[in-house]
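Enquirer: sharing a model that was predicted from the sequence below.
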Amino acid sequence: MNRYCKELNKTWLNALLVVVMTTLVAVMYVWKFAEGSMIYGNLAKYYPFVAMAIMVIILFLGNNLTAKHIRRLKSENLDIKLKVYKKEYGKRLKYFSAISLVAVVSMIVFANMFYVIFASLSFLLVATSRVYEVKVKYELNLSEEEIKKIDKLKL
C-alpha cells in the first residue's frame, strides 16, 4: 500500500509544482513587464465574472465527478479499484490545476494580480489532495486482506 501511495504522490507533487511554477512566472511577468490590460471594452467588463464562474464550475466538476466514479468502485475487484482510482485521482488533480491555468491566463491578459487569489485556491486544493493510506482505504472501502494484497500486485 505504501508503494501505491508513493506512486500517486509523485503525480500529486508534479501537479503541485506545475501550479506553483506557472503562478510564479505569471506573477513575475505582471509585476515586472506588464504595462496594462490586453483587452478592453465589454469583454474586459464581464470577463472577471465569467472567469470566476468557469473556475467554480471546474472545481465542482473535478471534485464531484471524480468522487462519484470513486464511490462506484467499492464493489469492484481490487485490481480495477486501484487502476481506476489512480486514473480518477489524476483527473482530480488536472481539474484543480485547470483552476490555476484560468487564473494565470487571466492574470497575464489583464495584468491584474487579483487572480493570484484563484491561483492560491488551486494551490490549496492540490496541496490538500495528497494521498495517504487511510484516505485510499476509506475511499475504496478496502479490507485488511485487500491492503495486504496491494503490495503483491504489479501496478
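Expert: Sure, I can see it. Everything numeric here is computed off the predicted structure, so don't read it as measured data.
Enquirer: for the protein, which helix is longest?
Expert: helix 78-110 (DSSP state H).
Enquirer: which helices and strands does that helix pack with?
Expert: helix 2-32, helix 42-71, helix 116-127, helix 133-140, helix 144-150 (3 or more Cβ pairs under 8 Å, 6 or more residues apart in numbering; DSSP states H and E). C-beta: built from backbone N, CA, C; applies to glycine.
Enquirer: for it, which residues meet the burial criterion?
Expert: Using 16 or more other Cβ atoms under 10 Å as the test for burial, helix 78-110 gives 78, 81-82, 84-86, 88-90, 92-104, 106-110.
Enquirer: likewise stretch 7-14?
Expert: 8, 11-12.
Enquirer: which residues does I150 contact?
Expert: Residues in contact with I150 (Cβ atoms under 8 Å, 6 or more residues apart in numbering) are 1, 3-4, 78, 82, 142.
Enquirer: need those in TSV with pLDDT and distance to G41, can you?
Expert: Below are these laid out as TSV (pLDDT from 0 to 100; distance: Cβ to Cβ, whole Å):
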residue	pLDDT	distance to G41
M1	84	55
R3	89	55
Y4	91	52
L78	89	56
L82	92	51
L142	88	55
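Enquirer: any idea how far E145 is from K152?
Expert: Separation of E145 from K152 (Cβ to Cβ, to the nearest Å) stands at 11 Å.
Enquirer: could you list the low-pLDDT ranges of the protein?
Expert: Scanning the chain for pLDDT under 70 picks out 155.
Enquirer: one more pass at 90, please.
Expert: For the chain, the stretches with pLDDT under 90 are 1-3, 32-45, 47-48, 73-79, 110-112, 141-155.
Enquirer: most remote residue from it's center?
Expert: G41 (32.4 Å; Cα atoms, centre = their mean).
Enquirer: ok so, going back, so which of the helices and strands packed on helix 78-110 is the most packed in?
Expert: Comparing the helices and strands packed on helix 78-110 by mean neighbour count (mean count of other Cβ atoms under 10 Å), helix 116-127 ranks first with a mean of 19.
Enquirer: can you list phi and psi of Y132 for me?
Expert: Main-chain dihedrals, Y132, degrees, to the nearest 10: phi -120, psi 160.
Enquirer: which residues does the residue lying closest to it once chain neighbours are set aside contact?
Expert: Nearest residue to Y132 in three dimensions, chain neighbours excluded: C5, at 6.7 Å (Cβ to Cβ, 6 or more residues apart in numbering). Taking Cβ under 8 Å, 6+ apart, we find C5 in contact with 131-133, 136.
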